[in-house]
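Novice: predicted structure and sequence below. I'll ask about it afterward.
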Amino acid sequence: MSGQNPEWVTLAEVSRPRGNRGELLCVDLSKGPERYLDLGTVWLFSAKEEEMGQHQVEEAWLHQDQLILKFVGVDSINDAERFRGGEVRIPFAQRAPLAEGEYYLTDLPGCVVKDATSGEQLGVVAAALEMPGSNLIELENGVLIPLSRAICPVIDPANREIRVNVPDGLLDLNRK
């Protein structure tokens, strides 16, 4: 399931029911159980991308480093089973606020990439890729650029611009 589109942000993937009180074992894609409790209300989607309604978070905690969620009105294994393989989402507008200088990868596509020294436009971000080590941006021409502070000293999604100091040969390394 993609779970990431302009309308929704996926906070957790539901693995399976857990226990006999309707609890769900989830893969947390957010910032821990407190985030769910702070939100109070989330939306559940089935494995087939069907919206299964708004649900009130009753409890959220970690058990052996795995997120457990309990929703009001989901009180048995049978109640919880229908959410297996689904996702816990919130509307895009409810994403957590970020500190100064932070950004969401989902905000980078469409940003213009310019050489930090010359101001020359190098391309437009087609995708932002979460990778082990260093995240990458992929330009529309297929060029991959690491999102490190040394290479991308200015990342400004609000103004739709990224300024880069590209090492020699990088632009030709992986051009399509």
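Specialist: Perfect, thanks for sending it.
Novice: mind listing the strands for this structure?
Specialist: Applying DSSP state E to the chain gives strands spanning 8-18, 23-28, 41-45, 51-63, 66-71, 87-91, 112-115, 121-129, 136-139, 144-146, 154-156, 161-164.
Novice: for the first one, buried residues please.
Specialist: It stands for strand 8-18. Across strand 8-18, burial judged by 16 or more other Cβ atoms under 10 Å covers 8, 9, 10, 11, 12, 13, 14, 15, 17, 18. Yep, even glycine has a C-beta here, placed from its N, CA and C like the rest.
Novice: quick check: the gap between the residue lying farthest from the centre of the chain and residue 170.
Specialist: Relative to the centre of the chain, the most outlying C-alpha is that of residue 118, 32.6 Å out, by Cα atoms, centre = their mean. As judged by Cβ to Cβ, to the nearest Å, residue 118 and residue 170 stand 15 Å apart.
Novice: pull the helix-or-strand element of the chain with minimal mean pLDDT out as PDB, backbone CA atoms only.
Specialist: Least confident helix or strand, the chain: helix 170-173 with a mean of 77, by mean pLDDT, DSSP states H and E. Output in PDB follows, covering the C-alpha atoms of helix 170-173 (Å, rounded to 0.1, in the frame of the first residue of the first chain):
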ATOM      1  CA  LEU A 170      27.900  13.700  -9.900                       C
ATOM      2  CA  LEU A 171      25.500  15.100 -12.500                       C
ATOM      3  CA  ASP A 172      26.900  12.700 -15.100                       C
ATOM      4  CA  LEU A 173      27.200   9.700 -12.800                       C
END
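Novice: any idea how many residues pack against the closest residue to residue 170 other than its chain neighbours?
Specialist: Distance criterion Cβ to Cβ, 6 or more residues apart in numbering; nearest residue to residue 170, sequence neighbours excluded, is residue 145 at 6.9 Å. Neighbour count for residue 145, taken as other Cβ atoms under 10 Å: 23.
Novice: walk me through the domains of the protein.
Specialist: Using automatic domain parsing, the domains assigned to the chain come out as 8-94, 105-173.
Novice: what residue ranges in the chain score low on pLDDT?
Specialist: By pLDDT under 70, the low-scoring segments of the chain are 1-6, 174-176.
Novice: beta partners of the closest residue to residue 69 other than its chain neighbours?
Specialist: Leaving aside its chain neighbours, residue 69 sits nearest to residue 24 (4.9 Å; criterion: Cβ to Cβ, 6+ apart). When assigned by DSSP bridges, residue 24 has beta-bridge partners residue 17, residue 69.
Novice: was I right about residue 24 contacting residue 13?
Specialist: No: using Cβ atoms under 8 Å as the test, residue 24 is too far from residue 13 to be in contact (10.2 Å).
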